[in-house]
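> what's the 3D shape of this:
(chains A and B)
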2 protein chains.
Amino acid sequence: MAASDYLRVPKQEVLRFCHECMTMAGASADHGRQLAEVLTEADYRGHFSHGINRLHTYVREIQMNTTCGDGCPEILKDTVTTAWVDGKNLLGPVVGNFCMDLAIKKAKEAGIGWVVAKGSNHYGMAGWYTLRALEHRLLGISMTNSSPITAITRAKSKAFGTNPISLAAPAIDGDSLVLDMATTTVSFGKVEIQNHKNEPIPLGWGQDAEGHLTTDPKDLIYREGALVPLGGPEISGGYKGTGLLIMVEILTSVLSGGNVGPNIRRWNVNTSEEANLGQLFAAINPECFSPNFEDNLEDFLSTLRGLDPSNPDEPVLVAGDRASRHMKMVDEEGGIPYPRNLLTSLNQLAREVGVPPMEALK
Amino acid sequence: MAASDYLRVPKQEVLRFCHECMTMAGASADHGRQLAEVLTEADYRGHFSHGINRLHTYVREIQMNTTCGDGCPEILKDTVTTAWVDGKNLLGPVVGNFCMDLAIKKAKEAGIGWVVAKGSNHYGMAGWYTLRALEHRLLGISMTNSSPITAITRAKSKAFGTNPISLAAPAIDGDSLVLDMATTTVSFGKVEIQNHKNEPIPLGWGQDAEGHLTTDPKDLIYREGALVPLGGPEISGGYKGTGLLIMVEILTSVLSGGNVGPNIRRWNVNTSEEANLGQLFAAINPECFSPNFEDNLEDFLSTLRGLDPSNPDEPVLVAGDRASRHMKMVDEEGGIPYPRNLLTSLNQLAREVGVPPMEALK
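From the prediction side, this is the model:
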């Protein structure tokens, strides 16, 4: 798309818009704000697949009471270092913030905080929660299961989500590593982009309804095909991506008693069924280990970024570097770039719920 | 190879042989036994790349005092839930067993045990340590960094190990999930097998000395090429495998103050330099979370194994299922199958160190 097909919206306006849409849909002011912050941050970081483009789904779920818009997560069991939490079917970010803040508190006191939740919902980007730990100079880990869209190695049909893993670790002067990755080869959004461009997908991104690898994005979008785990075909390590995806299930849903992948309702469809997702939030206090963690990490990140690249035009990147670059660009240009048609669709949602449209920069 | 090219050796004889070679090389009886147990278990589970085929390297390192054959790891700092350990350059399994047993103790008392070691050496298969947690009905996690053999996405040269991740989780009646995977597409052993067969490697297993993907195993074996992280090329998710490999470094070497990948000496070469590997050993007590973890995991594993396969001849497997099948086969046939030429080479080592040869079944 040409630059003219994009409009820039200041972060504060994105936040205002998301917040008002959520509260008009029925969420409490506090819960609406928590969701708005996660979506806005995702777009600010250039993680557009987990930003405001998903607002309509969260709005619908609150409108239909599929997700509860007010209340408080409940600690069912805890020790000095662990907690088991019932998310009470609240918005994912409400559950996630509650649990990560608890993990941070425990990590400060006992070295590690390990909090597992059931009864949660889609929580936006996993990195939001691990970034929270960074603010306290801790390492953060988060994982979640999600609605079926992925077929594991050898399986014919989708039975798992994209089951992301995030790790954030603090370096010096605001530098950090922020890994936030689905355990599938790619996100569904990338398949949709190939489809819009009428181009094939690389072999190893997805499979058709019969369970065979395909290069046709339409097999995934219209014909019950599925994403595949990182590694793609079995011969190039798909079974390892499968292992990671299952690891995420065990540390989230099996440990918490939430729904496991095959039992989770599809997202984005009209259903009154609760998602009952399982999620993990952990924080690690580096002071319990080798001294000067932040300096040591900074040295390590510098080593990584300085590795001799195969192609001089493509320097080695550290997880989180693309996001840093995107945030800098947004700050310089005064707003987050959105395609015009996304704003059109969001403003239609705004009219429905009775919220003033989102104002782009002139 | 034909079946006649293999000889079977009873587990006890493999253990005896490894143990005696190590003690004759200079390790204490206790440390030699700990190493022997890890190598024997790897072969018993069919994990031959981490078994007795590596014995000569451990023997040489003890002979040359590159690794210390006696002593005790030291706890440098600890809390109710964490410990920072100096492995004192002892054999990897000695450090690993010490640390995992400490993590298990802490997990029983406080819910989580999180132990990080520096000053360690190659510890054999990562799964050995997580299996140890299973015996106590805990979940186990272990990771290690290792000598450079892998080039991360966009980098021209090898600077990292295969940085494995293991998770073990207990189900009922001895069933379990045991994930034990390198974060590279494949192990170096698989590249060597293709070379022995004079066959190419699939694109996405490795790159040549210029940093370009290659199908020629000789590029990796003789010409300074490298393995690549899970996902292979950047377009199919190699940057995610890179992220996982870096995650392992941060949770092992950066947290412990051990050497990071690019600074670790090559393995298997004559050097007096210490490896100073970093390793993580964690244990999680499922009783701190949802009740009946073992039953819930069993249900989940049954669901996984029962998923409709794309190819009816290839049922869906859970991590650890291949190992279970291999152990059953070894038990039924009375011994572990080894190629004749491996036994020849091991018996030559035995003559050098003055140990009776390994006796195969007639």
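
> At the contact with chain B, which residues of the stretch 51-200 of chain A appear?
For the stretch 51-200 of chain A, the residues in contact with chain B (Cβ under 8 Å from any Cβ of the partner chain) are A:77-82, A:84, A:110-112, A:114, A:116, A:118, A:139, A:152-157, A:159, A:165, A:167, A:169, A:177, A:179, A:181-183, A:185-186. C-beta coordinates here come from the backbone N, C-alpha and C atoms, glycine included.

> please redo it, this time with the cut-off set to 6 Å
Residues of the stretch 51-200 of chain A lying near chain B by Cβ under 6 Å from any Cβ of the partner chain: A:79-82, A:84, A:110-112, A:114, A:116, A:154-156, A:167, A:169, A:179, A:181, A:185.

> Please pick the buried ones from these.
Those of these that meet the buried threshold are A:79-82, A:84, A:110-112, A:114, A:116, A:154-156, A:167, A:169, A:179, A:181, A:185, by 16 or more other Cβ atoms under 10 Å in any protein chain shown.

> What values do phi and psi take at the closest residue to A:G211 other than its chain neighbours?
For A:G211, ignoring the flanking residues on the chain, the nearest one in space by Cβ to Cβ, 6 or more residues apart in numbering or on different chains is B:S310 at 2.7 Å. Main-chain torsions, B:S310, degrees, to the nearest 10: phi -60, psi -40.

> list the contacts for A:A169?
A:L139, A:L177, A:L297, B:I250 (Cβ atoms under 6 Å, 6 or more residues apart in numbering or on different chains).

> Just the ones in strands from the buried ones among the residues of the stretch 51-200 of chain A next to chain B, please.
Of those, the ones assigned to strands by DSSP state E are A:T82, A:W84, A:I112, A:W114, A:V116, A:L167, A:A169, A:L179, A:M181.

> Save those residues as a markdown table, and put in pLDDT too.
Shown next, in a markdown table, are these (pLDDT from 0 to 100):
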| residue | pLDDT |
| --- | --- |
| A:T82 | 98 |
| A:W84 | 98 |
| A:I112 | 98 |
| A:W114 | 98 |
| A:V116 | 98 |
| A:L167 | 98 |
| A:A169 | 98 |
| A:L179 | 98 |
| A:M181 | 97 |
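
> A:Q279: what secondary structure?
Using DSSP: H, G, I helix; E, B strand; the rest coil, the structure places A:Q279 in strand.

> and it, what are its bridge partners?
A:A117, A:T144 (DSSP bridges).

> Check it and give its pLDDT.
Predicted confidence (pLDDT) for A:Q279: 98.

> got the contact list for it?
Contacts for A:Q279 (Cβ under 6 Å, 6+ apart) come out as A:A117, A:S120, A:T144, A:T252.

> For the residue in the stretch 101-250 of chain A positioned nearest to chain B, I want the exact helix or strand it lies within.
Residue of the stretch 101-250 of chain A nearest chain B, by Cβ to the nearest Cβ: A:G211 (2.7 Å). Assigned by DSSP states H and E, A:G211 falls within no helix or strand.

> what's the distance between it and A:N311?
For A:G211, the distance to A:N311 equals 35 Å [Cβ to Cβ, to the nearest Å].

> what's the answer for A:Y123, then?
Per Cβ to Cβ, A:Y123 is found 36 Å from A:N311.

> Not counting residues beside it along the chain, what's closest to A:H212?
Spatial nearest neighbour of A:H212, excluding adjacent residues (Cβ to Cβ, 6+ apart): B:S310 at 6.5 Å.

> my guess is that neighbour contacts A:T153, does it?
No - the pair B:S310 / A:T153 is not scored as a contact, 9.2 Å apart, by Cβ atoms under 6 Å.

> who's more crowded, the two?
A:T153 (23 against 19; other Cβ atoms under 10 Å in any protein chain shown).

> pLDDT score assigned to the nearest residue to A:I221 once chain neighbours are set aside?
Nearest in space to A:I221, with sequence neighbours left out and distances taken as Cβ to Cβ, 6+ apart, is A:N195 at 5.7 Å. Note on A:N195: pLDDT of 89.

> A:N195 reaches A:P217, doesn't it?
Yes - in this structure, A:N195 is within contact of A:P217 by Cβ under 6 Å, at 4.0 Å.

> Looking at those two, which is more packed in?
Shown here are A:N195 and A:P217; by other Cβ under 10 Å, A:P217 has more neighbours (24 against 17).

> Do a quick rundown of the strands in chain A.
With DSSP E as the criterion, chain A has strands spanning A:6-9, A:74-78, A:82-86, A:112-120, A:139-144, A:165-170, A:176-181, A:206-207, A:213-214, A:226-227, A:277-284, A:336-339.

> I'd like to know which elements the last one is packed against.
Other helices and strands packing on strand A:336-339, by 3 or more Cβ pairs under 6 Å, 6 or more residues apart in numbering or on different chains; DSSP states H and E, are strand A:6-9.

> Over to the fourth one?
With contacts defined as 3+ Cβ pairs under 6 Å, 6+ apart, strand A:112-120 has these neighbours: strand A:82-86, helix A:92-110, helix A:255-256, strand A:277-284, strand B:112-120.
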